[in-house]
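>>> Give me coordinates for this.
(chains A and B)
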Amino acid sequence: AQKITQTQPGMFVQEKEAVTLDCTYDTSDQSYGLFWYKQPSSGEMIFLIYQGSYDEQNATEGRYSLNFQKARKSANLVISASQLGDSAMYFCAMRELLTQGGSEKLVFGKGMKLTVNP
Amino acid sequence: NAGVTQTPKFRVLKTGQSMTLLCAQDMNHEYMYWYRQDPGMGLRLIHYSVGEGTTAKGEVPDGYNVSRLKKQNFLLGLESAAPSQTSVYFCASSFTPSGSGSDEQFFGPGTRLTVL
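The predicted structure is shown next:
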């Protein structure tokens, strides 16, 4: 079974600074996918970025980039130029195959809380 | 295009009461999921469906039942609610199964359920 570990319970960063959110994973699969979701205080889950295990380049989406180190099994999220609206819970997740119909579930880490200070 | 919607947004039940949570998606997705989120934890899969008329158990299925009579709807039922089912429930849907690249699961806004 897949496992996601997020060890930072909370982080603080100054507005406009960059911040790295840590995520390590454990899997025996050769092909896998990693996701980052943001959950603001309003509660919804917002997809941020995806990294496939065979992707040769680190994923980027606007201010979000993923520092993917396959040998170390880490997939850290980097947010550049933090904004006040980035204050939220952040979850790292990995897809895991389910038994029926080739479907999948997401295995989530426990999340970490980011607070951006003005 | 509303995406994934959930009804209700909040609910308080007494122990032993029953209720049904409704999830609807308008993206023509085959795959639908119910997760629960407890404090200090990530989401855990309760039940899922790979298409109309199909359902399957996830990681924490006990105490819940589901139905997918129509492709766009996925219902989660609690027959006899218990305080341990106090949680935030998220529905999600996706177009393709695993191995399809960056196809993410789209989440609904969540339902906050309290069982007294």
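>>> In chain A, what residue comes closest to chain B?
Closest to chain B within chain A is residue A:108: 2.6 Å, counting by Cβ to the nearest Cβ. From N, CA and C alone the C-beta is placed, and that goes for glycine too.
>>> which ones are touching that residue?
When contacts are counted by Cβ atoms under 8 Å, 6 or more residues apart in numbering or on different chains, residue A:108 touches A:4, A:91-93, B:41-44.
>>> Identify the residue spatially nearest to it, adjacent ones excluded.
Nearest residue to residue A:108 in three dimensions, chain neighbours excluded: residue B:42, at 2.6 Å (Cβ to Cβ, 6 or more residues apart in numbering or on different chains).
>>> isn't that neighbour right up against residue A:110?
Yes - the pair residue B:42 / residue A:110 is scored as a contact, 5.5 Å apart, by Cβ atoms under 8 Å.
>>> how about the residue minimising distance to the centre of chain B, phi and psi?
With distances taken as Cα atoms, centre = their mean, chain B has residue B:34 as the residue nearest its mean C-alpha position (2.5 Å). Taking degrees, to the nearest 10, you get phi -120, psi 130 for the backbone angles of residue B:34.
>>> Would you mind naming what in chain B lies close to chain A?
B:31, B:33, B:35, B:40-45, B:48, B:50-51, B:54, B:56, B:58-59, B:88, B:90, B:92, B:94, B:97-99, B:101-102, B:104-110, B:112 (Cβ under 8 Å from any Cβ of the partner chain).
>>> Write a ChimeraX command that selects only the buried members of these.
Buried members of the residues of chain B next to chain A, identified by 16 or more other Cβ atoms under 10 Å in any protein chain shown, are gathered into one ChimeraX selection as follows:
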select /B:31,33,35,42,43,44,45,48,50,56,58,59,88,90,92,94,97,98,104,105,106,107,108,109,110
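>>> Per-residue pLDDT of residue 99, please?
Here I'm looking at chain A. On the pLDDT scale, residue A:99 is placed at 71.
>>> Can you look at chain B instead?
With respect to pLDDT, residue B:99 has a value of 45.
>>> so what's the residue lying closest to residue B:116 once chain neighbours are set aside up against?
Once flanking residues are discounted, residue B:116 sits nearest to residue B:14: 5.4 Å by Cβ to Cβ, 6+ apart. Residue B:14 is in contact with B:81, B:115-116, counting by Cβ under 8 Å, 6+ apart.
>>> Make CSV out of those and add secondary structure and neighbour count.
Listed next are the contacts of residue B:14 as CSV, based on DSSP: H, G, I helix; E, B strand; the rest coil; neighbours: other Cβ atoms under 10 Å in any protein chain shown:
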residue, secondary structure, neighbour count
B:81, coil, 21
B:115, strand, 19
B:116, coil, 10
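>>> In terms of distance to chain A, which of these ranks first?
Once Cβ to the nearest Cβ is applied, the member of the contacts of residue B:14 that ends up nearest chain A is residue B:115, at 18.5 Å.
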